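Asker: dropping a prediction and its sequence here:
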Amino acid sequence: MIDTLEKWEKEEGVKFLKRIGIKTGQTVFDFGAGVGHYSIPAALLVGSSGVVYALDIKHQLNELKRKMKCMHLNNLKIIPTNGSIKFDFKDESIDVVLLYDVLHYLEKIQRDQLYLEIFRVLKADGFMSVYPKHIIEDTPLDHFRYLHWYDVKKEIQDQNYKLQEKYCDLISHDDALNRGCVYNFIKGQYDYHKMRAMQEKNF
C-alpha cells in the first residue's frame, strides 16, 4: 500500500488537487499535513513559482521531511506547531487552505477559532477545502462522532463561508486510499475585525 500511496501522491493526487482548483504558482496551506499525502501533490502542482506550507505537530512531520528531501521539493515549507491556532501569515496571503481529515481532532470552540483565522489569511478569491472524515456517516470518531455532514457544513457557514463545490474520488486517508468527498468553501462578506472582537468574548 505504501507504493500505491507514493504513486497516488505523485500522479492521481496531483490530478485530484488540480480538479478541486489548485493552480500553478499558488500559495497553499495544508493544516494538519501529517506525512504529506496532500502536501506532496500540492507542491508538485503549484511548481517552483508556488509554495506549500505544511503544518502539524513536530513529530508528525518527520516522514514528510524525509519525502520532501528525497524529491527535492524546495517549495514545500514545514511548520511545526504546538497546537496554537494563530498563524504567522499576513492577511489575505493564502490562495488555498486544506483541512483534510483533521477537524475531528478539534473541539467546537477550536474549530470556530480556526475558521476565523483562516478567513483572515485567505485571499478574497481563495478557497478552503474540507475533508470531513469521521462524521456519523463516515467512521465516527472523536469530536465528530455525534455530528452529521450537515452539522459540519452549518458550523462552517455560520462563520460566513459559502459552500462552493463538492468533489468525490478515490483519495488518501491515513495510509490507504478510500472513496471520499471534499467540499470547497469561499469567503462571505463581513468585517473581520468586528467579528473577531465579538467572538473573543466567547473564546
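Answerer: That came in fine, so what should we check first?
Asker: least confident secondary structure element in the chain?
Answerer: helix 192-200 (a mean of 58; mean pLDDT, DSSP states H and E).
Asker: run through the helices of this structure in chain order.
Answerer: Read by DSSP state H, the chain holds these helices, from start to end of the chain: 2-10, 12-20, 39-46, 62-71, 108-121, 149-157, 192-200.
Asker: gap between the residue lying closest to Thr81 once chain neighbours are set aside and Leu99?
Answerer: Computed as CB to CB, 6 or more residues apart in numbering, the closest residue to Thr81 that is not its neighbour in sequence is Leu55, at 5.4 Å. Where you see a C-beta, it was placed from the backbone N, CA and C, and this is true even at glycine. Distance of Leu55 to Leu99, computed by CB to CB, to the nearest Å: 11 Å.
Asker: those two: who's more crowded?
Answerer: For Leu55 and Leu99, the more surrounded residue by other CB atoms under 10 Å is Leu99, and the numbers stand at 24 against 19.
Asker: hang on, the earlier thing: which neighbours do Leu55 and Leu99 share?
Answerer: Contact criterion CB atoms under 8 Å, 6 or more residues apart in numbering; residues shared by Leu55 and Leu99: 31-32.
Asker: quick test: name the residue nearest the centre of this protein.
Answerer: A centroid search over the chain (CA atoms, centre = their mean) returns Leu98, at 1.8 Å, as the residue closest to the centre.
Asker: what bridges to that one?
Answerer: Bridge pairing for Leu98 (DSSP bridges) gives the partners Asp30, Ser129.
Asker: low-confidence regions, the chain specifically.
Answerer: By pLDDT under 70, the weakly predicted segments of the chain are 1-2, 190-203.
Asker: switch to 90 and redo it
Answerer: 1-6, 58-60, 82-84, 174-175, 189-203 (pLDDT under 90).
Asker: still on that earlier bit, need the winner for burial among the helices of the chain.
Answerer: The highest mean neighbour count among the helices of the chain, using mean count of other CB atoms under 10 Å, belongs to helix 39-46: a mean of 25.
Asker: residue contacts, the closest residue to Asp56 other than its chain neighbours?
Answerer: Nearest in space to Asp56, with sequence neighbours left out and distances taken as CB to CB, 6+ apart, is Ala33 at 4.9 Å. By CB under 8 Å, 6+ apart, Ala33 lies in contact with 39, 54-56, 60-61, 64.
Asker: in strands, which of those residues fall?
Answerer: Assignment to strands by DSSP state E places the following of the contacts of Ala33 there: 54-56.
Asker: go through the residues you listed and name the one nearest Lys77.
Answerer: Ala54 (7.0 Å; CB to CB).
Asker: and that closest one, how far is that from Leu61?
Answerer: 7 Å.
Asker: then Ala176?
Answerer: If you measure Ala176 against Leu61 using CB to CB, the figure is 20 Å.
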